[in-house]
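> one predicted model, sequence on top.
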Amino acid sequence: MRARLCIDDAVGETRRVLLDADGRPFRLEIERWSERGKRARLDDVFWGRVKARMPGNRGWFIDLGLDRDGVVEPTRAAAVTEGALLALRIKSEAWSDKGPVLSLADMSASVAAPDAPGLHQAAGEDVFLRGVSVIETLAGPAARREVDAALDEASTRIIALPGGGDIAVDVARGLTVIDVDAGSRIGEQDAGAFACNLNLAAAREAARQISLRGIAGLLAVDFTRMDQRRDQRSVVERFRQSLAGYLGRASEVLELSQLGVCEAAIARRARPVADALAVPPAEREALEALREIESVGINARAAKIHARISLAAQGWLDASGIGWQDALANRVGARWAFEPGDPSRLGKPEVWSAA
């Protein structure tokens, strides 16, 4: 798939989004500086120490030298013994309260194992761009606007469809449900053609939203009723192909059930966007403040920059240790000052310039 890449490389956080041929976002990635060296990323190779069997004999817990243990599934753990140090590849990143899923990595016998768990080798390719041909790369304010818009969309439950109608995305603990609604859509007089065209649009949009949000696991799409088998097959095939294009890999997609529901299993790889955003409010406010200081500083090159943030956000900045002061000074100069906001309120920072 051909796409445009937008990179918002702000102080404290790097955000990237991919836009399809219609200019719509379909992949989104957020990496905070505070996570550096603390998170296992897809296809990284680690040395891990086997700790203990999982309850129910469902595999093994593995110490990767990080805050969260990984797991090796039983089908790949036949040669695993407690206390062993193994070379392991990240098969699926950590998400929610689950640690990363691992598989045994191919490692030459000549490679000496270290004394302790830790990263052996970062992924050899940029997995965010897997299956994508980048035709243009945007940075600066234009990229920041695209990323902000993609984040807003990824947090929206109801998504409008071209030509009318919408889909609703509801994520539960064990299942994601996408419901298709015609709404006020105006189309063909023939009811069959109307339902088919609505569902074709919904199939592509559902696939884009799944990719954009990083949704994985079991999925059910409740399409509008179609009586013709050829229409049902064409909608499922559109959904299957759209998923493959946006995700960069095939997924298991079943034919429509008698009730018009399409079931699918999306392999989990990268962490969901919702997890990437699930950070302490103080850190989120502090990072937004740094981003806005940088933006104001670029637009007002000689002015003093003021930022009003909560005491909690100020405390996070003081204790973070991510090196934001030098990085921000290199970009806009050391000309900012923080002012205390409401001590009981966490929220959006206020940033402005003054002569």
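Arrived safely, thanks for sending.

> which residues sit against stretch 193-207?
Outside stretch 193-207, the residues that touch it by C-beta atoms under 8 Å, 6 or more residues apart in numbering are 159, 161-163, 165, 167, 169, 178, 180, 182, 185, 187-188, 221, 223-226, 228, 231, 234-236, 238-239, 242-243, 245-247. For glycine as for every other residue, the C-beta is placed from the backbone atoms N, C-alpha and C.

> select only the buried ones of those in PyMOL?
Selection of buried members from the contacts of stretch 193-207 for PyMOL, criterion 16 or more other C-beta atoms under 10 Å:
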select buried, resi 159+161+165+167+169+178+180+182+185+187+221+223+224+226+231+234+235+236+238+239+242+243+245+246+247
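
> out of the contacts of stretch 193-207, list just those in strands.
Mapping the contacts of stretch 193-207 onto strands (DSSP state E) picks out 159, 167, 169, 178, 180, 221.

> so the first one touches residue 169, yeah?
Yes - because the distance of 7.0 Å satisfies C-beta atoms under 8 Å, residue 159 is recorded as touching residue 169.

> joint contacts of these two?
residue 209.

> quick revisit: what is the nearest of the ones in strands among the contacts of stretch 193-207 to residue 30?
residue 169 (18.8 Å; C-beta to C-beta).

> isn't the closest one up against residue 212?
No - if you go by C-beta under 8 Å, residue 169 and residue 212 don't touch, sitting 10.0 Å apart.

> export the ones in strands among the contacts of stretch 193-207 to JSON lines and tack on pLDDT?
Formatted as JSON lines, the ones in strands among the contacts of stretch 193-207 follow (pLDDT from 0 to 100):
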{"residue": "159", "pLDDT": "97"}
{"residue": "167", "pLDDT": "98"}
{"residue": "169", "pLDDT": "98"}
{"residue": "178", "pLDDT": "98"}
{"residue": "180", "pLDDT": "97"}
{"residue": "221", "pLDDT": "98"}
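
> one step back: among the contacts of stretch 193-207, which lie within helices?
Mapping the contacts of stretch 193-207 onto helices (DSSP state H) picks out 231, 234, 235, 236, 238, 239, 242, 243, 245, 246, 247.

> ok, and the closest non-adjacent residue to the third one?
The spatially closest residue to residue 235, leaving aside those adjacent along the chain, is residue 199, at 4.4 Å (C-beta to C-beta, 6 or more residues apart in numbering).

> what's the neighbour count on the one you found?
Neighbours of residue 199 under the rule other C-beta atoms under 10 Å: 30.

> residue 310 versus that one, what's the distance?
Distance of residue 199 to residue 310, computed by C-beta to C-beta, to the nearest Å: 47 Å.

> same check, this time on residue 238
47 Å.

> ditto for residue 228
Distance, residue 228 to residue 310, using C-beta to C-beta: 58 Å.
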